[in-house]
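In: Here's a sequence, model it:
(4 chains, ligands or ions: 8)
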Number of protein chains: 4
Amino acid sequence: MKKLIQGGTVVTAADTYQADVLIDGERVVAIGNDLDIAGAEVIDASGCYLFPGGIDPHTHLDMPFGGTVTADDFETGTRAAAFGGTTTVIDFCLTGKGQSLREAIEHWHGKAEGKAVIDYGFHLMIAEANDSVLQQLQHVVEEEGITSLKVFMAYKNVFQADDETLFKTLIRAKELGALVQVHAENGDVIDYLIKEALELGNTDPIYHAHTRPPVAEGEATGRAIALTALADSQLYVVHVSCEEAVKRIAEARERGLNVYGETCPQYLTLDISYLEKPDFEGAKYVWSPPLREKWNQEVLWSALKNGILQTVGSDQCSFNFDGQKDLGKGDFTKIPNGGPLIEDRFGILYSEGAHKGRISLNQFVDITSTKSAKLFGMFPKKGTIAVGSDADIVIFDPQVTRTISAQTHHMNVDYNPFEGMEVNGEVVSVLSRGNFVIRDRNYVGAAGSGRFIRRSKFQRP
Amino acid sequence: MKKLIQGGTVVTAADTYQADVLIDGERVVAIGNDLDIAGAEVIDASGCYLFPGGIDPHTHLDMPFGGTVTADDFETGTRAAAFGGTTTVIDFCLTGKGQSLREAIEHWHGKAEGKAVIDYGFHLMIAEANDSVLQQLQHVVEEEGITSLKVFMAYKNVFQADDETLFKTLIRAKELGALVQVHAENGDVIDYLIKEALELGNTDPIYHAHTRPPVAEGEATGRAIALTALADSQLYVVHVSCEEAVKRIAEARERGLNVYGETCPQYLTLDISYLEKPDFEGAKYVWSPPLREKWNQEVLWSALKNGILQTVGSDQCSFNFDGQKDLGKGDFTKIPNGGPLIEDRFGILYSEGAHKGRISLNQFVDITSTKSAKLFGMFPKKGTIAVGSDADIVIFDPQVTRTISAQTHHMNVDYNPFEGMEVNGEVVSVLSRGNFVIRDRNYVGAAGSGRFIRRSKFQRP
Amino acid sequence: MKKLIQGGTVVTAADTYQADVLIDGERVVAIGNDLDIAGAEVIDASGCYLFPGGIDPHTHLDMPFGGTVTADDFETGTRAAAFGGTTTVIDFCLTGKGQSLREAIEHWHGKAEGKAVIDYGFHLMIAEANDSVLQQLQHVVEEEGITSLKVFMAYKNVFQADDETLFKTLIRAKELGALVQVHAENGDVIDYLIKEALELGNTDPIYHAHTRPPVAEGEATGRAIALTALADSQLYVVHVSCEEAVKRIAEARERGLNVYGETCPQYLTLDISYLEKPDFEGAKYVWSPPLREKWNQEVLWSALKNGILQTVGSDQCSFNFDGQKDLGKGDFTKIPNGGPLIEDRFGILYSEGAHKGRISLNQFVDITSTKSAKLFGMFPKKGTIAVGSDADIVIFDPQVTRTISAQTHHMNVDYNPFEGMEVNGEVVSVLSRGNFVIRDRNYVGAAGSGRFIRRSKFQRP
Amino acid sequence: MKKLIQGGTVVTAADTYQADVLIDGERVVAIGNDLDIAGAEVIDASGCYLFPGGIDPHTHLDMPFGGTVTADDFETGTRAAAFGGTTTVIDFCLTGKGQSLREAIEHWHGKAEGKAVIDYGFHLMIAEANDSVLQQLQHVVEEEGITSLKVFMAYKNVFQADDETLFKTLIRAKELGALVQVHAENGDVIDYLIKEALELGNTDPIYHAHTRPPVAEGEATGRAIALTALADSQLYVVHVSCEEAVKRIAEARERGLNVYGETCPQYLTLDISYLEKPDFEGAKYVWSPPLREKWNQEVLWSALKNGILQTVGSDQCSFNFDGQKDLGKGDFTKIPNGGPLIEDRFGILYSEGAHKGRISLNQFVDITSTKSAKLFGMFPKKGTIAVGSDADIVIFDPQVTRTISAQTHHMNVDYNPFEGMEVNGEVVSVLSRGNFVIRDRNYVGAAGSGRFIRRSKFQRP
Ligand SMILES: [Zn+2]
Ligand SMILES: [Zn+2]
Ligand SMILES: [Zn+2]
Ligand SMILES: [Zn+2]
Ligand SMILES: [Zn+2]
Ligand SMILES: [Zn+2]
Ligand SMILES: [Zn+2]
Ligand SMILES: [Zn+2]
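Out: Ligands and ions are numbered 1, 2, ... in the order given. Alright, predicted model coming up:
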């Protein structure tokens, strides 16, 4: 059956206009003012924006970390994402040395299947780059539809890859048409600083920030870019948090390199002082890279505004304060790294970005949806409202003002890092491939209705 | 009566998809796959792209210069533009010291009315910034719909404004919501170098380039940016030709300033060696800034690709080789500055840019149309194919290969700077507000059918 | 008669060693441990440093400004300089449009002759650069021994030269072997901001700073550098006060240009908050460029340490608080610009620089003496302690701690901007060409004993 | 017995003046025009410069490499150095994992003792930075007088240290007062490129250059600087060869970091095309970093001129063409890395630098001698001509023109990379601690007369 969304203002990465949107099955089939709506269910969107469903390019759902596992799995996580206006997530599939990639991917499929309420894809972590792995990547990219590969430059002795691994991955990615992602922090330096802090008895959450200085992020970012230049490949720097890293990306782009950058809502709105909250509350804000000095926020907003950074991911990786974060009492290195961010990414970008005029409405869509679709091979299926595209649509009321709180959020976790923040605009309804997941602020979706997306090879957007 | 363009691939700054486009009168009313086409004229666009009509943000039609006047006026110029895929031009309205702005604008309207075959707007030159002029600007911006103001930093004793004028214009523009444009070359330096060259008997066309060095452009660009920062205003640097200027713009954007840059097809494809053509043919390539060393081309393409520059204008300003350019035989300073570029801007960007993969198809649209519409207050009326927008549409066949030549071009001038260049893709038909101007490669428009566009105040795109 | 300074530690821009210094007449004739001292007067310098006499490359003595004249003339000014450890000053000879350069120079000689107690040279201000002036410069450089030319980019309608004047001066300087100095602030911008401030009733001293923003200094610095590059000439930027200007100089030096920079003790130790002192005391700190945000101090020290800036001048230009500075009550633009700084330049650099370890002892000598001698054509006559050089020697006790105060200083002015500052080290005695000017902290010199120094052409140091 | 050098022009890093120099035993005791010379041997230096003996901060004598050993040992190497005007070398003492530092140092002393004809010091290579090594470093710095520590960022699986090792070394160096040196090339990248080249059958010497691209040097330089900033330590980048590395050093110095850079005569005068010489002659020019594109030479000269780089070392590491270099026929990775450069370093800097006016005479002395003495804790014993300093003096005739050739050089090797280069100026005589090593162009020294120099802790120069 058809659906007609009437009276809304369609917003894409380029356009803003009033029109009705006709959906047939899973797809948009027409947009216009005088559409033939015989037999269509009419949905009123008067006064509302119609946004392409948000794409969160950076989530960790059902992920083991430091002896525990994230509080949100693919069901609770994607449901919260939908409440927030996100209709696609790309989750990081971990791998281990010696493990076959296919096995790892199977394992990750197992986490998502039957649970996800919206569509999802996987990035693949590269733990080592031996001949076997490089060989398997052809299958991964071409058959599995996993066209982005993540390399960690930090987390020594856990995830950290050396430059050889990164360089080989970049070269192989170029051959296969994949996009390489880096977590860019110098893990050797951080490892040393952590040991030194612990020796000195500096065990509070704030030392998480002090042992991961901005220069360590800037250095790794510059190094990854240099290797990308040498490999003539393409690079996407995840969770950029500070000016040092922005500068290197700006330089790279000025040189014409295919280098892209993502930041996160937390770096745009919170700062290092949160890590000093009393009663161990600082632990709620422990993730990597850490929150930075406040002035970096304006640098990040400017970088989004002027196209130096292209996307905003959540880096969702939630742990409860009670029972998980508190594992690190007396030793900040034991605090599970990460936060519950998947639900508010889209709304904060709207409110702090588009509503406050830091970015335009079209940039808001580009940053929260379109550019991720393009960079990660899902466009035009995802990332826009256009004829032929999946009907992943958010009906968004810009008039409402609301307050973010753990008491009202939908993530499976006992706190919200943005607790008390007033934001403008609210998600009213959300369609995923033509079906409501959220309708008039209520969940009407179904676990397992989300589908895995086989993504295309990398193309410059 | 309605028109239905069938079978084409719609391309906007964001999207690429197959759909039919329904036009009712002057506007697009629906886009879709199963539209109600009762009574619509059907136009077949199978195998073709449907691009938003090109917007040329930088033309000089019917302009006096150095005792002569451009070879193309609003009729021949806009007809050639239409042949090339452009449906809107913004022309520079000259003013003089002591002249009322209204008078100057009336004069320019007189040139365009009854002649233009496509829509057009005006930028207003600021010759001086005394209290009267600053006062008059309110009317200009708010009533005349002229929301961009041009300041020349070169052409000493002719157009050149001093820093006070530029600074006052930037401040006033900020108050009124206008965008300031600069021709950024240090006129004092150039004036000296020209006198020196003539004294030394260096009178050939190549000395036009030698007396306008890249550093003079970089310096002026940096200065205009500094003044913009101090005025907290917005700046658009026209015809960026070299790395020195790109660097300053990149810096400005990294600092978060509202600074934009335009380059031109000639700087992207030709180089300084053209000025050394024998038999005075170098004069054909005399414009300002001059053509640069070839390696700058890649810098400019990279800047377009990575969003450091946003638009491509033609800087159309045509003079015949015989009878006009040859005024400068024996004295390069007497060569009328400018070239016939309006017709090939769009096609060269497609062929050298999108076709060769230097930019994506969506970037091609953004650069040749959308961004100009947004920066200059014409969006969404112009610059996109969307419901409610003007039906300014180019039906473009990407399969054709053709050769640019003065023998086949439509400008009223006896040479073409791109003579002999093979390009991919051809404009088949062009609609301006729903009416054909070019149909199946033939001109079917009418002088005077183009309308003046009252533009909106500046908004960040 | 000969003099032998015994027991001191000789410090030059390169060396630090213990040795006796033998002076015969005006010059050093030997340095060693076993010198033949028959008939020499022995001066004990045990525990003291022997520094080359300081060279202050930037003073304004007996200078008219805004209807008044500086409080210090060549007698009181040079005597205070000597007390502070300075044995040579280079003063700025003003010129006016239409005035012959010879006349202007004669006039300035008249101010110094019979008054100066130490040696002195002149820089020549270039007010205009017409053919006559450019012609006269040959005589100035080659006969008068004035080999540095000052161009003002600020003080609109008073001193300000346009880019043509600066460019011609740079080209002429290159031909003649002169060094061009610029006061680098964008005067047009400042002029506008001042008018705006006055219109808004912002008349307090702090608005002197607010109307001369750092970007205006950075811009002008960058512009002067660009013109220098185009002229292939040499440039010395006076009184660099902020990071914006340092960055441009660093860039220029990285590109290999012959660009040099000077800062002043006031920018290294005081900051913008001084301009907000109550009871109009802020007026004591009104000079141009203005004092800046405190963080710029570290930038300037780093630039001295790492050779991005080469010298420290005082920009001595003293006006009494009572009767002169107070002309500007109710209108900051009427406050005579300048401060009494000649006496403490050398001592502050020692204490805040060498003593605190921000620069080495050899760098202290280089910055306060040697580099100015080299850049301004007085080396090796001035600027070092070496065989054959003028015996301009400071005997300096590094053990003493003292407090700067107007009550004890020797300038002819009623306040000291460094009032209350504790400094390490004290000038004990000062010799100028072998004769004591200061002996054991007492003045023993004579007005008129200072000689004009005909300086050599510019050579890279 | 005393010696008096008469009639020469003394040149130091700061001064240039005519004077006689009196030597008593090993030291300079007086400099002057009317010295008491009773009983002194008089040496005529009329028309000659007296330079402080050159200090070569970067040599590899008697060093094993790739299954062979350098052609020059401490005897032939230091004798050739003396012929060239060098009176002190600092050689790199290799260490291995698991070896005690004392043992390694003993071993290196064994190579030099009884052989060196001029004075020498050692830098110590840091192969690993475990607790034992970090502990031993206190003895090394404080007792052995070895105050510079070398870390290799290249030569994977041979010398290459990881970032942890470099970071720990920087921190330890800061505590102990040592200067950390890096060979800055990204070894992981190079290792990959080499394997790839060999797989593709690219085995000629030119592939040595192609597999070590400038970006790999720039990246490693930037990384070492970032780690230095984080450790608040001091860094000396050896053998800087290209613009990418110069840029990073310039940036670091602008930020105020204690970062220094050395280049070598080969990078200043030769270029990548030498590696393509036929008949395997390219192998003569195989060292690391490789020779670069010619335009880098001007960048390096500018960096020396403007103080971005401070020293020039030879990186002497000689292998015969016949019997050693030819080990790499058919596989460039088997070519022993290094060249015979110790003899011509000083002369080339004079001729190509000071004589051609790229640097001043004082800069020549600073770069070839003084700055190395200061950075490496040998000043004022070495690096200057001053009372109390070692009488390490070069009598240099600037009038002579000569041609460099293997047939006339004094190194124990069968080719000279500068073969056929005409240079201005010649070393006439050389004194080491007051004794002639070279006298009137003849060797009069003695193996074993050179002494090991216990160097002082690092101080900023
Ligand atoms: Zn991460
Ligand atoms: Zn993550
Ligand atoms: Zn122009
Ligand atoms: Zn134009
Ligand atoms: Zn000044
Ligand atoms: Zn001054
Ligand atoms: Zn090395
Ligand atoms: Zn080496």
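
In: helices and strands around the strand or helix carrying residue A:198, which ones?
Out: Following DSSP states H and E, one finds residue A:198 within helix A:187-199. If you count contacts as 3 or more Cβ pairs under 8 Å, 6 or more residues apart in numbering or on different chains; DSSP states H and E, helix A:187-199 packs onto helix A:206-210, helix A:214-231, helix D:163-176, helix D:214-231. Quick note: C-beta positions are derived from backbone N, CA and C, even for glycine.

In: Of the ones you listed, which is nearest residue C:297?
Out: helix D:214-231 (19.5 Å; Cβ to Cβ).

In: so how far is the closest one off the chain centroid?
Out: Its chain's C-alpha centre and that of helix D:214-231 lie 21 Å apart, by Cα atoms, centre = their mean, to the nearest Å.

In: What of stretch A:128-146?
Out: The answer for stretch A:128-146 is 23 Å, by Cα atoms, centre = their mean.

In: Then stretch A:360-378?
Out: 12 Å.

In: Pull out the buried residues from it.
Out: A:360-378 (16 or more other Cβ atoms under 10 Å in any protein chain shown).

In: Same question for stretch A:437-453.
Out: A:437-439, A:443, A:445, A:449-453.

In: of all those residues, which two lie farthest apart?
Out: Maximum distance among the buried residues of stretch A:437-453 (Cβ to Cβ): 24.3 Å, for A:439 and A:452.

In: leaving aside the residues next to it on the chain, what's closest to the closest residue to chain B within the stretch 351-461 of chain A?
Out: Nearest to chain B, among the residues of the stretch 351-461 of chain A, is residue A:387, at 3.9 Å (Cβ to the nearest Cβ). Spatially, and ignoring its direct neighbours in sequence, residue A:387 is nearest to residue B:19 (3.9 Å; Cβ to Cβ, 6 or more residues apart in numbering or on different chains).

In: Tell me how many other residues crowd that neighbour.
Out: By the criterion of other Cβ atoms under 10 Å in any protein chain shown, residue B:19 has 26 neighbours.

In: And chain A, what are its domain boundaries?
Out: Chain A breaks down into these domains under automatic domain parsing: A:2-51+A:384-408+A:423-443, A:64-375.

In: Which of these has the highest mean neighbour count?
Out: When the domains of chain A are scored by mean count of other Cβ atoms under 10 Å in any protein chain shown, the highest mean neighbour count falls to domain A:64-375 (a mean of 22).

In: which SSE is residue A:267 in?
Out: Going by DSSP H and E, residue A:267 is part of helix A:265-269.

In: After that helix, which helix or strand is next?
Out: helix A:296-305.

In: Over that following helix, what's the mean pLDDT, rounded is fine.
Out: Average pLDDT, helix A:296-305: 98.

In: re earlier: output the helix holding residue A:198 as PDB, restricted to C-alpha atoms.
Out: In PDB, the C-alpha atoms belonging to helix A:187-199 read as follows (Å, rounded to 0.1, in the frame of the first residue of the first chain):
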ATOM      1  CA  GLY A 187      49.200   4.400  21.400                       C
ATOM      2  CA  ASP A 188      52.800   4.100  22.400                       C
ATOM      3  CA  VAL A 189      52.800   7.600  24.000                       C
ATOM      4  CA  ILE A 190      49.500   7.000  25.700                       C
ATOM      5  CA  ASP A 191      50.600   3.700  27.100                       C
ATOM      6  CA  TYR A 192      53.600   5.300  28.600                       C
ATOM      7  CA  LEU A 193      51.700   8.200  30.100                       C
ATOM      8  CA  ILE A 194      49.100   5.800  31.600                       C
ATOM      9  CA  LYS A 195      51.800   3.800  33.300                       C
ATOM     10  CA  GLU A 196      53.400   6.900  34.600                       C
ATOM     11  CA  ALA A 197      50.100   8.300  35.900                       C
ATOM     12  CA  LEU A 198      49.300   5.000  37.700                       C
ATOM     13  CA  GLU A 199      52.800   5.000  39.200                       C
END
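
In: And the residue of the stretch 251-400 of chain A closest to chain C?
Out: residue A:295 (12.1 Å).

In: List the residues that contact that residue.
Out: residue A:243 (Cβ atoms under 8 Å, 6 or more residues apart in numbering or on different chains).

In: Got phi/psi on it?
Out: phi -60, psi -20 (degrees, to the nearest 10).

In: quick one: what helix or strand has the nearest residue to residue A:166 once chain neighbours are set aside in it?
Out: Nearest residue to residue A:166, sequence neighbours excluded (Cβ to Cβ, 6+ apart): residue A:151, at 4.9 Å. Secondary-structure assignment from DSSP H and E places residue A:151 in strand A:148-152.

In: Need the three-state assignment for residue A:235.
Out: strand (DSSP: H, G, I helix; E, B strand; the rest coil).

In: centre of the chain versus stretch A:251-261, how much separation?
Out: Relative to its chain's centre, stretch A:251-261 lies at 21 Å (Cα atoms, centre = their mean).

In: Is that stretch positioned near chain D?
Out: No. Stretch A:251-261 stays clear of chain D (Cβ under 8 Å from any Cβ of the partner chain), getting no nearer than 10.1 Å.

In: which outside residues touch that stretch?
Out: Counting by Cβ under 8 Å, 6+ apart, A:179, A:225, A:228-229, A:233-237, A:240, A:245-246, A:249, A:303, A:308-311, A:375, A:460, B:246-247, B:250, B:298-299, B:301-303, B:305-308 sit against stretch A:251-261.

In: With only the CA atoms kept, save it in CSV.
Out: Output in CSV follows, covering the C-alpha atoms of stretch A:251-261 (Å, rounded to 0.1, in the frame of the first residue of the first chain):
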residue,chain,number,x,y,z
GLU,A,251,46.3,20.5,5.3
ALA,A,252,45.6,17.1,3.6
ARG,A,253,42.5,18.4,1.9
GLU,A,254,44.4,21.5,0.7
ARG,A,255,46.9,19.1,-0.8
GLY,A,256,44.1,17.4,-2.7
LEU,A,257,44.2,14.1,-0.8
ASN,A,258,41.1,12.0,-0.4
VAL,A,259,41.0,12.4,3.3
TYR,A,260,37.8,12.7,5.3
GLY,A,261,37.0,13.4,9.0
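
In: what pLDDT, on average, does it get?
Out: 98.

In: Also stretch A:71-90?
Out: Here the average pLDDT along stretch A:71-90 is 98.

In: Quick one: end-to-end length of it, please.
Out: 18 Å (Cα to Cα, to the nearest Å).

In: Partner strands of the helix or strand of chain A with the lowest mean pLDDT, with direction?
Out: Ranked by mean pLDDT, DSSP states H and E, the weakest helix or strand in chain A is strand A:64-65, scoring a mean of 91. In its sheet, strand A:64-65 lies beside strand A:68-69 (antiparallel), with partners assigned from DSSP bridges.

In: got the residues of chain A near chain D?
Out: Residues of chain A lying near chain D (Cβ under 8 Å from any Cβ): A:156, A:162-164, A:167-168, A:171, A:186, A:188-189, A:191-193, A:213, A:215-216, A:218-219, A:222-223, A:226-227, A:229-230.

In: hang on, the earlier thing: show me what contacts the residue nearest to residue A:166?
Out: A:125-126, A:161, A:165-166, A:169, A:180-183.

In: Which of these fall within strands?
Out: Within the contacts of residue A:151, residues falling in strands by DSSP state E are A:125, A:180-183.

In: Around chain C, which positions in chain A sit nearby?
Out: Looking at chain C, no residue of chain A is close enough under Cβ under 8 Å from any Cβ.

In: And the helices in chain A?
Out: For chain A, the helices defined by DSSP state H occupy A:74-84, A:101-112, A:131-142, A:163-176, A:187-199, A:206-210, A:214-231, A:243-254, A:265-269, A:296-305, A:345-348, A:361-365, A:371-375.

In: The ones you listed: which one's closest to residue B:269?
Out: helix A:243-254 (21.2 Å).
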